[in-house]
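Visitor: when you get a sec, could you give me coordinates for this:
(2 chains)
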Amino acid sequence: MISSHPQIELVNLGRRFGPVRAVSDVSFQVQRGHVFGYIGPNGAGKTTSMRILATLDTPTEGDALVDGFSVTQDPERVRKRLGFMPDYFDTQPSILVEEYLDFFARAYGLMGPERMRAVRQVMSFTKLDGLRAKSIDSLSKGMKQRLCLGRAMIHNPPVMIMDEPAAGLDPRARIQLREMIGELAAGGKSILVSSHILTELAEMCDTVAIIEQGRLLAVGTVDEIHRARQSHRTVQLRVLDNAQEVCNRLAARADLHSIRQNGEQVEFVHEHDQQFEADLLRDLVMAGCRVVEFGSRAESLEDVFMRVTEGLVQ
Amino acid sequence: MTSIEDSKQDAGEQPVLAEAVPLSPAARRWQTVEGWLSRLSDGLNPILVKEARQALRSRQFTITFFLMLAAGWTWSILGLSMLGPSAYYNATGPTMFYVYYVILAAPLIVVIPYTAYSSLAGERQDRTYELVSITGLEASGILFGKLCSIGMQMLIYLSALLPCLAFTYLLRGLDIFTVLLVVFYTCLLSIGLALGGLLLATLSPPRQRYVIVGVIFAVSLFYVFGMVSTLLGAMVAQGISLDDPEFWSVNLSLALLYANLAAVVFLCARAQLMSPSQNRSSAIRVALTIAHLSAVGWFAWAVLRLDDDFVYGMLYLGTIIWFLCGLVMVGESDQLSSRVRRALPRSAIGRALFGWYMPGSGTGYTFVLWHMLVLCIVAPLMTSALVGELAQALSTTVRTVGNYNAPDRVFEACLVATSYLAIYLGLTRLILMAVRRYDEVRLSVRFLTGVLLVMFLGGGPWVLQIANPQTRNLNYTLLQATNPIWTLSEYCMYHGPPAGAGEVLVIVLPLAGALIWALNLPSIAGQLNARRVAMPERVVEEDRALATAALLPVGPANPWSDEAN
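Guide: Below is the predicted model:
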């Protein structure tokens, strides 16, 4: 049965550890089939919020809901709907990959052929088929991460929470993981994912939230955050002969800043739209500047992150 | 890239491929057996399945098992060669059995309980437990799985020495009943100790304390092992007689004590593992009521059957146990989660009868006092009615030892004990309520507050008395009225109130207890008045949907089921 509730909802969530406020008044929603990126510097409160959502911790203020169920009041109903991939590995000794997944399938109440099929399909999806009889102690980091993903999805939950899933993975494993996350979202799962690798998050996430010192600084798509923050655009141009003169002309304008010259290259930053850039180019050409290249780019998620956060940790 | 759907299809093809390859009859038979076993294991606790797999592969288990086996065989050869031909004529069974027993008891009393502790504590330390706790397994299921795994290991260890134990029965001087009883007791003790280990593990100490607690627990297990080996050695040497009139009563009382204690320890461990919004108290309180009622029954039996020391000793011990339980309860938070409030009694009568079983410091405080008051009422009734009438009628058979207990003296002792609980638990509760305004009240804080209070209020006058050279050699005086340890010891020693203070104590202490209870009363009333809240709309919505789905024809249970594919 598909419910009309947001799959994940944080309502003024707060968590204090003694005098330290790890999370403070955080609110956002994640809809079905969306990948939501949760970004922030170390110690920003990402893991704490995710642990609260996974019913491993309790908020001191506010609430977190999964498919409309409160994580504090109905944790059992939340757990049925949730797959959690923490930022650490399971260290169960003397257990094989297949047995490990079989155990979690049993723990989630899957029985008989259903359980065996779930284990087989999850191993196939995470490409662990060839490792079924291997002890989990002997797996590489990438394999362990795939096993961790397999464990989190063994009961086919509609919501998945992944805390730094790509940390420490080599580029190949990272790409594979990104593809798997994309497929899970395409299959209708709502995914909350945190990562330090912002370029990756930008590629896979529909929406992002930026958190620092436990406070939510921005939520929305990368474009929305740009717009809301009066996003900056960087323009690069190449001129023949008179680069210094172009720099002087640009410097005379109050609406441009961070003007830099490197030989024929001139770079500057403005806070307007592309119409403004077109007008500026026209003005330069009419003023006799011999512009041979003109290009602009919007801020990346990395730029937004750097600008929004101040690098503060608690 | 394989998608989920693709992989489902891939998996769906596998049986077809399997059918295409012709299997040998032996392989087919094995496949059938494997299918049966798999279906059979569906009914087993997942923790048991996982831990059985892990335990059978672990080095510790293998070493212990083979050491036991080697020790058993070595003693068989060594013992028989030492005994020589006398094995045919003399009662050599107990000697052989005792050494076998020690070989068996070492893993059962030391290794298994310690494994239980380290298994759960280790999982909590390295956060493996977290991943299990967010599955569909409940706290009781996890603990039960751990206990089943312990039981399985126990059976395997037992099977290694079973031939040796059976062999001792063939020798002279030992009956099968003694062998079975001793082994049965040891298994029960092992499970009990393992439960204790699990409870310790759930207290979730930080890394360094986990190691220290582990060492203390291991040392305690060795101590228990030494004690039990000595005790059972004597038991085996003496032999166990079913004709002994005390045999059944002692065993029944031990069985009840064991069952009650095990239930309380299990429920405490479960409560430690449950989520904070769940009701972690009611089940423990129900278990305590059952334990108390059975204790009251045994108290009555002791009044009739045993001497006065035992009766007062039971009261003393009971007071200490209720004080410790009370310290845990009076430290509970008074804020009920809305989940707990969903299950509150609806009516005023319901609240009056069952409100004491709901979580909260006020209800917990009064819960303890109610139980002690039950003892105050029952004890004199027992002593007067049963001793007075029944004992008269059955004077020769009922009472074998000691003198009649005076009903009024027993009542006084119960009343004094109850008053002390009312005073000290009430004061502890008031202090903890103040502390909770600033910080969480941990278990250690509760115990520390209660114990310090007893030491300060009870120990202070004692220090004053011995500090004064004129009063140092005096016996119990009224100055010691606040000292529960001394006062109750006087009752135990003299089976009545301390000389010269008794009449005053019976008036002053209950009055002080009532006064402190009255100070607590407003907040207790507030807790009892807590009203039931409605189920969240989302929960009702889902329950309704599930109920409707149950009426519909059975569809796929989840995407992995046959119907869904």
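
Visitor: got phi/psi on residue B:277?
Guide: In terms of degrees, to the nearest 10, the main-chain angles of residue B:277 are phi -80, psi -10.

Visitor: how close does the closest residue to it other than its chain neighbours sit to residue B:530?
Guide: Take residue B:277 and drop its neighbours on the chain: the residue closest to it by C-beta to C-beta, 6 or more residues apart in numbering or on different chains is residue B:337, 4.0 Å away. Just so you know, the C-beta spots here come from the backbone N, C-alpha and C atoms, and that holds for glycine as well. The gap separating residue B:337 from residue B:530 is 11 Å, by C-beta to C-beta, to the nearest Å.

Visitor: tell me how far the residue in the stretch 351-500 of chain B positioned nearest to chain A lies from residue B:275.
Guide: Per C-beta to the nearest C-beta, residue B:439 is where the stretch 351-500 of chain B lies closest to chain A, at 8.1 Å. Using C-beta to C-beta, residue B:439 is found at 21 Å from residue B:275.

Visitor: residue B:311 too?
Guide: 43 Å.

Visitor: my read: the residue nearest to residue B:277 touches residue A:74, true?
Guide: No: using C-beta atoms under 8 Å, residue B:337 is not in contact with residue A:74; the gap is 10.9 Å.

Visitor: just give the closest residue to residue B:415, not the sequence neighbours.
Guide: residue B:376 (5.5 Å).

Visitor: what packs against the helix or strand containing the one you found?
Guide: If you go by DSSP states H and E, residue B:376 is part of helix B:361-381. When contacts are defined as 3 or more C-beta pairs under 8 Å, 6 or more residues apart in numbering or on different chains; DSSP states H and E, helix B:361-381 sits against helix B:282-305, helix B:308-330, helix B:407-436, helix B:502-528.

Visitor: hey, which of those helices is tucked in deepest?
Guide: The highest average neighbour count among these, using mean count of other C-beta atoms under 10 Å in any protein chain shown, belongs to helix B:407-436 at a mean of 22.

Visitor: so the residue nearest to the spatial centre of chain A: helix, strand or coil?
Guide: The centroid of chain A falls nearest to residue A:37 when counting by C-alpha atoms, centre = their mean (2.5 Å). The three-state assignment at residue A:37 reads strand, by DSSP: H, G, I helix; E, B strand; the rest coil.

Visitor: list the residues that contact it.
Guide: A:193, A:194, A:195, A:201, A:202, A:204, A:205, A:207, A:208, A:209 (C-beta atoms under 8 Å, 6 or more residues apart in numbering or on different chains).

Visitor: can you tell me which of these comes closest to residue B:279?
Guide: Among those, residue A:194 lies closest to residue B:279 (C-beta to C-beta), at 33.4 Å.

Visitor: contacts only, for the closest one.
Guide: A:37, A:38, A:39, A:40, A:46, A:47, A:50, A:162, A:163, A:164.

Visitor: and the residues you listed, which of them are in helices?
Guide: A:46, A:47, A:50 (DSSP state H).

Visitor: pLDDT for these - can I get that in TSV?
Guide: Shown next, in TSV, are the ones in helices among the contacts of residue A:194 (pLDDT from 0 to 100):
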residue	pLDDT
A:46	91
A:47	92
A:50	94
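
Visitor: now render those residues as a markdown table, adding neighbour count and distance to residue B:317.
Guide: Listed next are the ones in helices among the contacts of residue A:194 as a markdown table, based on neighbours: other C-beta atoms under 10 Å in any protein chain shown; distance: C-beta to C-beta, whole Å:
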| residue | neighbour count | distance to residue B:317 |
| --- | --- | --- |
| A:46 | 26 | 52 |
| A:47 | 20 | 47 |
| A:50 | 24 | 48 |
